[in-house]
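Undergrad: Pasting a predicted model and its sequence here:
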Protein chains: 2
Amino acid sequence: MTSDGEEQTLCLEELARTSGEWLRAEGPESDIVISTRIRLARNVAGFPFMTQADDDIRRQLVDSLRTTISATDCGQHLQFVDVAALDDIDKQLLVERQLISRELAQSEGPRGVVIGEGEHVSIMLNEEDHVRIQVLHSGLALEKTWEQINDLDNSLEARTSFAFDEELGYLTACPTNVGTGIRVSVMLHLPALRITREIQKVHQAAQKINLAVRGLYGEGSQAMGDFYQISNQITLGCSEQDLLDNLAEVVPNILGYERRVRDLLCRDNKAQLDDQIARAMGILTSARSISSEETMHLLSSVRLGVNLGLVPEVTIATVNELFIHTQPSHLQKLHGGPLKTAERNVARAAYLRERLNS
Amino acid sequence: MTSDGEEQTLCLEELARTSGEWLRAEGPESDIVISTRIRLARNVAGFPFMTQADDDIRRQLVDSLRTTISATDCGQHLQFVDVAALDDIDKQLLVERQLISRELAQSEGPRGVVIGEGEHVSIMLNEEDHVRIQVLHSGLALEKTWEQINDLDNSLEARTSFAFDEELGYLTACPTNVGTGIRVSVMLHLPALRITREIQKVHQAAQKINLAVRGLYGEGSQAMGDFYQISNQITLGCSEQDLLDNLAEVVPNILGYERRVRDLLCRDNKAQLDDQIARAMGILTSARSISSEETMHLLSSVRLGVNLGLVPEVTIATVNELFIHTQPSHLQKLHGGPLKTAERNVARAAYLRERLNS
């Protein structure tokens, strides 16, 4: 996959210490929009779906797909990670990094992920479908993300046949993905809507137009740290452009809503807001032991404070990175070995003090 | 009452800015024992008790007692404060300072208090009894406090007749004070016993031997800031020395108990203790608004931390002072005018940041 055709092993230690480019708080609306993500579900024609695939078939799939992807000219260095060979901490690290799903981490048999430079591209092999292509960018970047993933998809399809039905479209393991196999997600940080409990209205409005509102780590995850992932619920009967247009119309409304509520909070509850943000910084820079949940809750206040100009000593990029680096596996990678929950809480507090007191 | 016989008016503005000597954390066991206080209840012979005294009689009592006290050679400068003439903030200031009782502050008619240098001596006029003499010292100082109050009492009695019955002893408005009219109190800071819920055992043990356990501001007040006032419940049938001996025996046991529990916490829950103390400092030095209750709760953790050597930048004298200076009236005096609750919470937070961040 490199220019000379030789694969390199992705160094997970280095990955844990660095910040994915999508965390750099660049791109449009990045005060509120953490990232834009699109994934496409694809299956290789002539192979059974995953539920019917034994380990032999799964291995053939991985080998065949690695060859296909290696041959793809996507203009960047791609690295394969053999997920089946990883220990639990490394698997969880990739989940925290949003490079693989919890399902891929927890499943069995031959499987892997191909990761591009800057972590914008990741291609999961043998997840629910044979191929799950993901492209992710900082800020609100629907068109840019769509163009990149569409090129990548075309480039792969030029070298392999995906299961496709003239009438239904792309065939996928789960019927909800049949058609385009696309999910478009935008990750938003909506602390003001959560503080004022207006977030419920966002949930209701989104549901009415078939958009799902999920937490940081997708389906079933809580909205920790006031992160909300808005994505399409259905694909069948919609073109990719319909779905993109839908989100392109809805997301600015939510951003406007969050910004109006922030303005109101600053106008009517400034003292309380100042206090909440100052206390969050106070605890994060003082605690000797802190859970992941409390960290995300307090970092959310700090992130709001940075956006409101109340915490001049911290940048949004730093806060974004802290959200990820204080997750259990990142902490353990940074520490250099496994840590029990209580030890992680102590290590997390030490890491936060070091990063935020400097 | 001054050397040249001329009274000076006590400057309450200055009082609010200074620290009573009894807060200086001097004297034996002052890591745990804040102060030792003795008060004597006396009534002037030939005058009706307070419940039967109209304003004329109350005025005569104040005038007569001021003259008597002025003539007393107690080796220090004494100043009279006309409590009836004070506004609510000033009355409350003297209550927070433990120089007068809430009862004296809230009652009606001519009344006052005579305050000695360093606030060790205060003599309330027209409280529940005509005279309530109080002597207060930092640390565990039962004998020293008793000697000083006994001298003062004798000196007053040489110049006026107190209501006394050969069989009953000193006559007082409330039957529970008849006899010696004495209450001996020791103010203890017992955070470890509260954290571990062992404080209930102290309550039970004290009750069995007729000792009362009260909060910072006496009867009915909560044990805010982990302060517990241990005092005799009854006086009738006991000599002063009996009561002093009783406390002299009991208090060291409680101190030993608190110290053992501190050692156990340091041994078995060090990480949690470190975290609690660090967070308390973090919030106190960061908050933009903070209630009196939360302040006392957090200062209690800091005080424990200072005693355990975990907060080297702060002294016990500073923490003791902060407990008093963050009370509502002290804050308003320091600020220079009345403040509503929300304004006080903001002023309190600003004051704490200024004192603890320096």
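TA: Perfect, I can see it now.
Undergrad: Counting neighbours, what do you get for residue A:240?
TA: 19 (other C-beta atoms under 10 Å in any protein chain shown). From N, CA and C alone the C-beta is placed, and that goes for glycine too.
Undergrad: From residue A:254, how far out is residue A:188?
TA: 6 Å (C-beta to C-beta, to the nearest Å).
Undergrad: what sits in contact with each of those two?
TA: Common neighbours of residue A:188 and residue A:254, counting by C-beta atoms under 8 Å, 6 or more residues apart in numbering or on different chains, are residue A:230.
Undergrad: In three-state terms, label residue A:133 for me.
TA: When classified by DSSP: H, G, I helix; E, B strand; the rest coil, residue A:133 comes out as strand.
Undergrad: who's the spatially closest residue to it that is not a sequence neighbour bridged to?
TA: Leaving aside its sequence neighbours, residue A:133 sits nearest to residue A:40 (C-beta to C-beta, 6 or more residues apart in numbering or on different chains; 4.6 Å). Beta-bridge partners of residue A:40, counted by DSSP bridges, are residue A:133, residue A:182.
Undergrad: residues near residue A:40, how many?
TA: Neighbour tally, residue A:40, other C-beta under 10 Å: 26.
Undergrad: mind listing what it touches?
TA: Neighbours of residue A:40 in contact, by C-beta under 8 Å, 6+ apart: A:131, A:132, A:133, A:149, A:153, A:170, A:180, A:181, A:182.
Undergrad: Please see if the helix or strand hosting residue A:251 touches chain B.
TA: Here residue A:251 sits within helix A:240-268, counting by DSSP states H and E. No. Figure legend: helix A:240-268 not in contact with chain B (C-beta under 8 Å from any C-beta of the partner chain); closest approach 13.3 Å.
Undergrad: Show me what from chain A comes close to chain B.
TA: Checking chain A against chain B by C-beta under 8 Å from any C-beta, the hits are A:271-272, A:274-275, A:278-279, A:281-283, A:285-290, A:342, A:346, A:349.
Undergrad: PyMOL command for the buried members of those residues?
TA: Typed into PyMOL, the line below selects the buried ones among those, using 16 or more other C-beta atoms under 10 Å in any protein chain shown:
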select buried, chain A and resi 274+275+278+279+281+282+283+285+286+287+288+289+290+346+349
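Undergrad: Can you classify residue A:185 as helix, strand or coil?
TA: strand.
Undergrad: actually residue A:62, sorry about that
TA: Applying three-state DSSP: residue A:62 is helix.
Undergrad: Cross-check the contact I'm expecting between it and residue A:110.
TA: Yes. At 4.9 Å, residue A:62 counts as touching residue A:110 under the criterion of C-beta atoms under 8 Å.
Undergrad: Which residues are in contact with each of those two?
TA: The contact lists of residue A:62 and residue A:110 share residue A:126, where a contact means C-beta under 8 Å, 6+ apart.
Undergrad: Give me the neighbour count for residue A:71.
TA: Neighbour count for residue A:71, taken as other C-beta under 10 Å: 14.
Undergrad: what's the pLDDT at the closest residue to it other than its chain neighbours?
TA: In space, and not counting its chain neighbours, residue A:71 is closest to residue A:159: 5.6 Å by C-beta to C-beta, 6+ apart. pLDDT for residue A:159: 94.
Undergrad: give the contact list for residue A:159.
TA: Applying C-beta under 8 Å, 6+ apart to residue A:159 gives the contacts A:68, A:71, A:72.
Undergrad: which residues of the stretch 151-300 of chain A fall in strands?
TA: Secondary structure of the stretch 151-300 of chain A, counting by DSSP state E, counting those that start in this stretch: strands at A:164-165, A:169-170, A:182-189, A:211-214, A:227-232.
Undergrad: Tell me which of those strands sits most buried.
TA: Most buried of those by mean neighbour count (mean count of other C-beta atoms under 10 Å in any protein chain shown) is strand A:182-189; its value is a mean of 24.
Undergrad: CA-only coordinates of that strand in CSV, if you can.
TA: Written as CSV, here are the backbone C-alpha positions of strand A:182-189 (Å, rounded to 0.1, in the frame of the first residue of the first chain):
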residue,chain,number,x,y,z
ILE,A,182,-24.5,4.9,3.2
ARG,A,183,-24.6,6.5,6.6
VAL,A,184,-23.8,10.2,6.9
SER,A,185,-23.1,11.4,10.5
VAL,A,186,-22.2,14.7,11.9
MET,A,187,-20.8,14.9,15.4
LEU,A,188,-22.0,17.9,17.3
HIS,A,189,-21.1,19.4,20.7
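Undergrad: Alright, that wraps it up for me.
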